[in-house]
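>>> Just the structure for this:
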Amino acid sequence: MNKFFLIIISTFALCGCARGVWKDFIKLSSTDIVFEAEGGKQEVWSKTGSQFDLGGIFENGENPKDKEVVQDEHYKMVAITGEWLHAGYTDLDDRTSLTISATENATGEERNGKVTVSCGDLFKSVKIRQKAK
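Predicted coordinates for the structure are as follows:
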């Protein structure tokens, strides 16, 4: 009986010491991007060399209704285009960097967006701001 009790206590003690299984290994070169009103392209890459999946884009707080999604043969998203934002892998074989681009902002108002990436159960966001003319 004492051995059984000792095994149970040891199991709980070991479980209590665990700090979690997943470490945050998505380290991006930038989590904030600013575009001028003219638009342009910027690249965001993994600082640790780990691959990540493209999660989606949000424009002005919403998921674009008329977005275009490109998937690979495994049905993973490799590029997505909204009304004014586009995100896609720079190298499909590598999948450690994204090219994010914005079209010209002729609305007269600043625009805000977000691109999400994931790796396993970890998620990161790149906030995007585009200046107005």
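>>> Going by C-alpha atoms from here, please, whenever you check contacts or count neighbours.
Will do.
>>> those strands in the chain, which residues are they?
Along the chain, counting by DSSP state E, strands occupy 32-35, 40-45, 53-59, 68-71, 77-81, 85-89, 97-102, 111-119, 122-130.
>>> Could I get the ones you listed in CSV, plus columns for distance to I26, mean neighbour count and mean pLDDT?
What follows is those, written out as CSV (distance: least, Cα to Cα, whole Å; neighbours: other Cα atoms under 10 Å; pLDDT from 0 to 100):
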stretch, distance to I26, mean neighbour count, mean pLDDT
strand 32-35, 15, 16, 98
strand 40-45, 10, 16, 96
strand 53-59, 11, 20, 94
strand 68-71, 22, 13, 93
strand 77-81, 18, 20, 94
strand 85-89, 15, 23, 96
strand 97-102, 11, 22, 97
strand 111-119, 7, 18, 95
strand 122-130, 7, 18, 95
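>>> any idea which residue sits dead centre in this protein?
For the chain, the residue sitting closest to the mean C-alpha position, by Cα atoms, centre = their mean, is V117 at 1.8 Å.
>>> tell me which residues form a beta bridge with that one?
Counting by DSSP bridges, V117 is bridged to L54, K124.
>>> I figured it was touching G56, is that so?
Yes. In this structure, V117 is within contact of G56 by Cα atoms under 8 Å, at 7.3 Å.
>>> and the gap between L98 and K65?
Distance, L98 to K65, by Cα to Cα, to the nearest Å: 22 Å.
>>> before we move on, what about G113?
Distance of G113 to K65, given as Cα to Cα: 14 Å.
>>> repeat for D32
Going from D32 to K65 by Cα to Cα gives 24 Å.
>>> try I128
Applying Cα to Cα, the value for I128 to K65 is 19 Å.
>>> Local confidence estimate at C17?
As predicted, C17 sits at a pLDDT of 40.
>>> G49 too?
86.
>>> residues contacting it?
Applying Cα atoms under 8 Å, 6 or more residues apart in numbering to G49 gives the contacts T96.
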